[in-house]
Structure formats: structure tokens, C-alpha cells
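Asks: Okay, here's the prediction I keep looking at, along with the sequence it came from:
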Amino acid sequence: MVMLRARNRAAVADEAQILSLYEEHGRTLLAYATRLTGDRGAAEDVVQETLVRAWRHPDALVSEKGSVGGWLLTVTRNIVTDRYRRRSVRPPEVAESAASPAVQGDHADEVVNSMTVLAALARLSPEHRDVLTEIYFRDASVAEAARALGVPPGTVKSRSHYALAALRRTFGIRSARVPQVTA
């Protein structure tokens, strides 16, 4: 009975660790795997396999050799590479589509940069984040952003100014020129 309780506690701890890994790194892993595979469904399978490997090798998650995120991205890339190698050795059962191109290269730097920017944006207030999303990600003008957000154009300009200033502080940039938002 005591042994059964210990196993249950260990299983709950393992599940909590994998859930924590997924919450922290899941979006990044999925974006990376989707970029490598070109197929969202295949990418989801790759992320699932990555987390299974993390579960099987918990020592890699506490290793002092590098970051957990880096290890997970490497495992993801290796899984995708293995899938393409397996596919190239066997004759295809179904004709391959042009939607699943071969792995071109390692995009880890771009993924790390994206993770860094997303983390910095998450620290901004919702109002500042919304303004930057409208102007820089949706390529809206000040007037379009003001209409979308339901605020005056002057508010869009000032929020974008303060949001960019906060991002510069986050990244330790002191005197960089950031493009001014114009009407």
C-alpha cells in the first residue's frame, strides 16, 4: 500500500513536470516544429514526442550543461531530422505533398529571438502590448490602430512611445533610434 502511494506521488510529480514544461516551452516548440515540418499536425506529433523524451530523460532537464529550452529545441530538431531520414529510406506509401518540404537548416537562433521578444512583450501592460501588436504586427496606421482599439490617435502614439521605451529598457538599449509612429 505504501509502495503504491509512492508510485502515485511520483506519477503526479512527473505529470506536473511535463505540464510545466509544456506551459513554458510548448508554444515555442510547436512554432519551431511547424516551421521545420511545414505541417501543423506533424509538428504536434513532434512536440508530443519531444515531451515524451523529456519525461523519459528527466536528468537532462536538471543538467547544468545548458538550458532546458535549448535541449528541447535540439530534441525537436533531431526528431524531425529522423522522420525525414526514415521517409527517404522507405518508398512513400502515399504521394508526398509540396506542403511538407525537407528540413532546410537550423532555425534555433530565430526561435530564441522570437522567444525573447515574446517574453519582453508579455511584461508590457495589455494596453501597450495591444498598440504594438496593431502597429507593428498588423501593420496598421495610427488611425487604424486607434479605431481598432477604440482610443484617440494621440493615445496610440503615446502608448507606442512608452511601450517601445519599456522594450528598450528590457533589452538594455540606451540610445537606439526607434522608428517614430506617424499618422
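Replies: On my side now, so go ahead. Residues are numbered from 1 along each chain as shown.
Asks: in stretch 118-134, what counts as buried?
Replies: Buried residues in stretch 118-134, defined by neighbour count with 16 or more other CB atoms under 10 Å: 120-121, 124, 128-134. Every residue, glycine included, has its C-beta placed from N, CA and C.
Asks: And stretch 28-40, what's buried?
Replies: Of the residues in stretch 28-40, those buried (16+ other CB under 10 Å) are 28-34, 36-37, 39.
Asks: tell me the domain ranges of the chain?
Replies: Per automatic domain parsing, the domain ranges recorded for the chain read 1-92, 124-183.
Asks: Export the ones you listed as a markdown table, with columns for distance to N113 and mean pLDDT.
Replies: Shown next, in a markdown table, are the domains of the chain (distance: least, CB to CB, whole Å; pLDDT from 0 to 100):
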| stretch | distance to N113 | mean pLDDT |
| --- | --- | --- |
| domain 1-92 | 11 | 79 |
| domain 124-183 | 11 | 85 |
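Asks: And those: which comes nearest T116?
Replies: Proximity to T116, assessed across the domains of the chain by CB to CB, is greatest for domain 124-183 (8.1 Å).
Asks: For D109, see how far away the residue nearest the centre of the chain is.
Replies: Computing the C-alpha centroid of the chain and ranking residues by CA atoms, centre = their mean puts T28 first, at 2.1 Å. As judged by CB to CB, to the nearest Å, T28 and D109 stand 13 Å apart.
Asks: Now the common contact residues for these two.
Replies: The overlap between the contact sets of T28 and D109 (CB atoms under 8 Å, 6 or more residues apart in numbering) is empty.
Asks: Share the number of residues neighbouring G66, please.
Replies: When neighbours are counted by other CB atoms under 10 Å, G66 registers 10.
Asks: How about the secondary structure of it?
Replies: Taking DSSP: H, G, I helix; E, B strand; the rest coil as the rule, one finds G66 in the coil state.
Asks: mind listing what it touches?
Replies: Here G66 is in contact with no residue (CB under 8 Å, 6+ apart).
Asks: Kindly report the same for R40.
Replies: R40 neighbours (CB under 8 Å, 6+ apart): T34.
Asks: so how far is E144 from it?
Replies: Applying CB to CB, one obtains 29 Å for the distance of R40 from E144.
Asks: Can you tell me the SS state at L121?
Replies: Under three-state DSSP, L121 falls in the helix class.
Asks: Leaving out chain neighbours, which residue sits closest to it?
Replies: Counting by CB to CB, 6 or more residues apart in numbering, R129 is the residue found nearest to L121 once chain neighbours are left out, at 5.5 Å.
Asks: on that earlier part again, just the buried residues of stretch 118-134: which are in helices?
Replies: 120-121, 128-132 (DSSP state H).
Asks: closest to D45 among those?
Replies: Checking these against D45 by CB to CB gives L121 as the nearest, at 28.6 Å.
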